[in-house]
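J.: sequence and predicted model, in that order:
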Amino acid sequence: MFLLKLVLRNAFRHRLRTFLTVTGLAVAVLAYGMLQTVVDAWYAGAAAASATRLVTRSAISLAVWLPASYEARIRGMEGVKRVARSNWFGGVYQEPKNFFPQFAVSDNYLDLYPEFVLTEAERAAWLRDRKGCLVGRQLADKFGFKVGDVLPIRGTIYPGTWEFVIRGVFDGAEPGKVTNHLLFHWDYLNETMRKAKRRADAVGVYIVGIDDIDSAAAIAVNIDAEFRNSLAETLTESEQAFQLGFVAMSDQIIAAIRIVSYVVILIILAVMANTMAMSARERTSEYATLKAIGFGPRFLALLILGESLLICALGGALGMALTLPAAAFFKTVAAIFPIFAVSGGTLLAQAACALAVALTAAIVPAARAARVRIVDGLRAIA
Amino acid sequence: MPEPLVEIRHLAKSYTRGGQVVPVLSDITLDIHPGDFTALMGPSGSGKTTLLNLIAGIDKPDAGVLRVEGVDIGALGERELADWRATHVGFIFQFYNLIPVLTAFENVELPLILTGLSRAERRERVELTLSVVGLADRMKHYPNELSGGQQQRVAIARAVVGDPTLIVADEPTGDLDRVSAADILAMMQRLNRELGKTIIMVTHDLNAAKAAKTIIHLEKGELLVPA
């Protein structure tokens, strides 16, 4: 009890110094949390991937299409339950800054994605309309789209202006599911390209549905073996691996972000260590007095450790509390990531960083205070 | 003649400074009896504070024997010595050495924290001691709200609240004006006379030393006038 009282009073002895240190810690913990959330946002797609889906693409590159004729052969393979086609459309809605993903998909595409929920009526309306499209709830909310709207989208990979009629708005089956994309009929794309005599019967990727997760690797090997030595060899991987492949393209940026987040913590560690060292040095004679009276080295070490923990707890808690609104604000003003949510893991990592800073900053001053010779300590003011 | 409270035999102490061994005390033999009020005098560097530190158990001798109430404190380990100081020694320092974030009451309570006394018992003893030093009305004041003389009175209260065997005072009036110094010395005399406290005081001020019953002179680490 006495120890806690002394810790509390020591922590606020120099209020300005404590205020600045707590503020610095809060900013560092906030910055660390935000940077980690950016990294998480990068991996959000991969994290949401299903283990019951494989993706088959060209072994050469994602930019190389596969023949549409592969679908039937893949569907006939052991362990494969469903196969859907998907082509990245890459169009522009009004202007490039309005970017959102668009995919030309086969009609059975949503059967493989139970995480997207659509009413039967809307699904039927989409299937009936060759030019129909489906938009995700987040996308509809962002641009104010509603059923019946006509969306003119300028193709970049597929030239011309394409018009799609919104026939349905799908939701995520779970909160937080990304629904910021547009789906339209692969057949519409293919027929148009066939007329143009360009890139007809070409599939970007096949989404392969399986039931037995344990057989995923074997099925992937079998699919690739099926097309080995053909003109369009395939590469089949889990959906997560496929998504991570995209993330890997930004590996160095992510690594840089991670490094910066750790550097921020290192800087605040140095600041905190300096604060604790200064405080302990100023109080050398007090520690010597306490020792002379009979308080042991352990008490003095705990006194310093407690003060460091208290300051870091305040700074850490403040930083963590600010992270949630800061992330929400960041998502609003800079809609780069469809998911930008602070995870429990990030909050835990922030708390762990604050704790690590507290312990590390206190080690040297606590050891010094515990070891100080009473005679030398008393001389510190004399 | 009663048994000495402090029994010093052939005590020696030296420090190493800049790679050189500097003798500070050599062959000190001295007895201090219960109820004594002894002043240690001498010029700077004579070793009087070192001798006080050794008697108080905050430094260790290089050679010789130092017994307090029959306990060879030179042979005690750090932890044992800390426990011994907590129960046997009350400290009064030149610059008071109060903890600035604690009130007068809390500073005086410090030595009692280490005892098994209940909170109520501690409160009773602290209040009584502060009233003895005339600061009953300043219990909630922090050191920076008190004058130098008042701070030293708080320090005296802290030194005696645990009812120690021995009170050691290092230049207790060195930082005080004449009036406050006289007040502090009178208080120490009262503690010695009325409560029978054994006091060893280091001072370079002859007027202060005159408050003591016995004056011991040290020069170049040796006793000039044994008690």
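T.: Received, thanks. In this text the structure is predicted, and so the values were computed from the model without any measurement.

J.: how many neighbours does residue 138 have?
T.: You didn't say which chain, so I picked chain A. Residues within reach of residue A:138, counting by other CB atoms under 10 Å in any protein chain shown, total 20. All C-beta atoms are positioned from the backbone trio N, CA, C, and that covers glycine.

J.: ah, no, chain B please
T.: 19.

J.: let me see the confidence value for it.
T.: What the model reports as pLDDT for residue B:138 is 95.

J.: all helices for chain B, in order.
T.: Under the criterion DSSP state H, helices of chain B are mapped to B:48-56, B:78-88, B:104-113, B:119-132, B:148-160, B:178-195, B:206-209.

J.: can you put the ones you listed in a markdown table and add mean neighbour count and mean pLDDT?
T.: Converted to a markdown table, those look like this (neighbours: other CB atoms under 10 Å in any protein chain shown; pLDDT from 0 to 100):
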| stretch | mean neighbour count | mean pLDDT |
| --- | --- | --- |
| helix B:48-56 | 24 | 93 |
| helix B:78-88 | 17 | 91 |
| helix B:104-113 | 24 | 96 |
| helix B:119-132 | 16 | 94 |
| helix B:148-160 | 25 | 94 |
| helix B:178-195 | 17 | 92 |
| helix B:206-209 | 16 | 91 |
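
J.: what's the closest of those helices to chain A?
T.: Closest approach to chain A among those is made by helix B:78-88 (2.7 Å; CB to the nearest CB).

J.: for that closest one, packing partners?
T.: helix A:284-293 (3 or more CB pairs under 8 Å, 6 or more residues apart in numbering or on different chains; DSSP states H and E).

J.: now the helix or strand just after the helix it packs on: mean pLDDT?
T.: Scanning forward in sequence from helix A:284-293 by DSSP states H and E, the next helix or strand is helix A:297-333. The average pLDDT for helix A:297-333 rounds to 93.

J.: buried sites along helix A:297-333?
T.: The neighbour-count check on helix A:297-333 (16 or more other CB atoms under 10 Å in any protein chain shown) flags A:297, A:299-320, A:322-323, A:326-327, A:330-331 as buried.

J.: and chain B, which of those contact it?
T.: Among the buried residues of helix A:297-333, the ones lying near chain B by CB under 8 Å from any CB of the partner chain are residue A:297.

J.: what does chain B have sitting close to chain A?
T.: Counting by CB under 8 Å from any CB, chain B comes close to chain A at B:53, B:56, B:58-59, B:78-79, B:82-83, B:85-87, B:89, B:91, B:93-95, B:97, B:99-102, B:106, B:110-111, B:113-114, B:158.

J.: contacts for stretch A:203-214?
T.: Contacts made with stretch A:203-214 from outside it, assessed by CB atoms under 8 Å, 6 or more residues apart in numbering or on different chains, are listed as A:51-57, A:62, A:65-68, A:70-71, A:74, A:79-88, A:109, A:111-112, A:186, A:216, A:219, A:223, A:236, A:239, A:242.

J.: meant to ask about stretch A:110-129
T.: With contact meaning CB under 8 Å, 6+ apart, stretch A:110-129 is reached by A:48, A:50, A:53, A:82, A:84, A:107, A:132-134, A:136, A:147, A:165, A:167-174, A:177, A:179, A:183, A:207, A:209.

J.: need the CA coordinates for it. PDB is fine.
T.: C-alpha atoms of stretch A:110-129 as PDB (Å, rounded to 0.1, in the frame of the first residue of the first chain):
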ATOM      1  CA  LEU A 110     -22.100 -17.200 -55.700                       C
ATOM      2  CA  ASP A 111     -22.600 -20.900 -55.000                       C
ATOM      3  CA  LEU A 112     -19.000 -21.000 -54.100                       C
ATOM      4  CA  TYR A 113     -19.200 -17.900 -51.900                       C
ATOM      5  CA  PRO A 114     -21.800 -18.500 -49.200                       C
ATOM      6  CA  GLU A 115     -20.300 -15.600 -47.300                       C
ATOM      7  CA  PHE A 116     -22.200 -13.300 -49.700                       C
ATOM      8  CA  VAL A 117     -25.900 -13.200 -49.200                       C
ATOM      9  CA  LEU A 118     -28.400 -12.300 -51.900                       C
ATOM     10  CA  THR A 119     -32.200 -12.600 -52.000                       C
ATOM     11  CA  GLU A 120     -33.500 -15.300 -54.300                       C
ATOM     12  CA  ALA A 121     -35.600 -12.700 -56.200                       C
ATOM     13  CA  GLU A 122     -32.500 -10.500 -56.900                       C
ATOM     14  CA  ARG A 123     -30.500 -13.500 -57.900                       C
ATOM     15  CA  ALA A 124     -33.200 -14.600 -60.300                       C
ATOM     16  CA  ALA A 125     -33.400 -11.100 -61.700                       C
ATOM     17  CA  TRP A 126     -29.600 -11.000 -62.200                       C
ATOM     18  CA  LEU A 127     -29.600 -14.400 -63.900                       C
ATOM     19  CA  ARG A 128     -32.400 -13.200 -66.300                       C
ATOM     20  CA  ASP A 129     -30.600 -10.100 -67.400                       C
END
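
J.: next one, pLDDT for the closest residue in space to residue A:181 that isn't next to it in sequence please.
T.: Closest residue in space to residue A:181, ignoring its immediate chain neighbours: residue A:101 at 4.2 Å, by CB to CB, 6 or more residues apart in numbering or on different chains. If you check residue A:101, the pLDDT there is 92.

J.: I'd like the helices of chain B written out as JSON lines, with distance to residue A:351 added.
T.: Listed next are these as JSON lines, based on distance: least, CB to CB, whole Å:
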{"stretch": "helix B:48-56", "distance to residue A:351": "45"}
{"stretch": "helix B:78-88", "distance to residue A:351": "35"}
{"stretch": "helix B:104-113", "distance to residue A:351": "32"}
{"stretch": "helix B:119-132", "distance to residue A:351": "34"}
{"stretch": "helix B:148-160", "distance to residue A:351": "40"}
{"stretch": "helix B:178-195", "distance to residue A:351": "51"}
{"stretch": "helix B:206-209", "distance to residue A:351": "57"}
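
J.: closest one to residue A:354 among those helices?
T.: When the helices of chain B are compared by CB to CB, helix B:104-113 sits nearest residue A:354, at 29.9 Å.

J.: just want the angle from that closest one to helix B:119-132.
T.: Going by axes from the mean of the first three to the mean of the last three CA atoms, to 10 degrees, helix B:104-113 is angled at 130 degrees with respect to helix B:119-132.

J.: mind giving me the packing neighbours of helix B:104-113?
T.: Short answer (3+ CB pairs under 8 Å, 6+ apart): helix B:104-113 packs on helix A:284-293, helix B:119-132, helix B:148-160.

J.: swap the cut-off to 6 Å and go again
T.: The helices and strands touching helix B:104-113, judged by 3 or more CB pairs under 6 Å, 6 or more residues apart in numbering or on different chains; DSSP states H and E, are helix B:119-132, helix B:148-160.

J.: now it, how far from the chain's geometric center?
T.: When distances are taken as CA atoms, centre = their mean, to the nearest Å, helix B:104-113 is centred 17 Å away from the chain's centroid.
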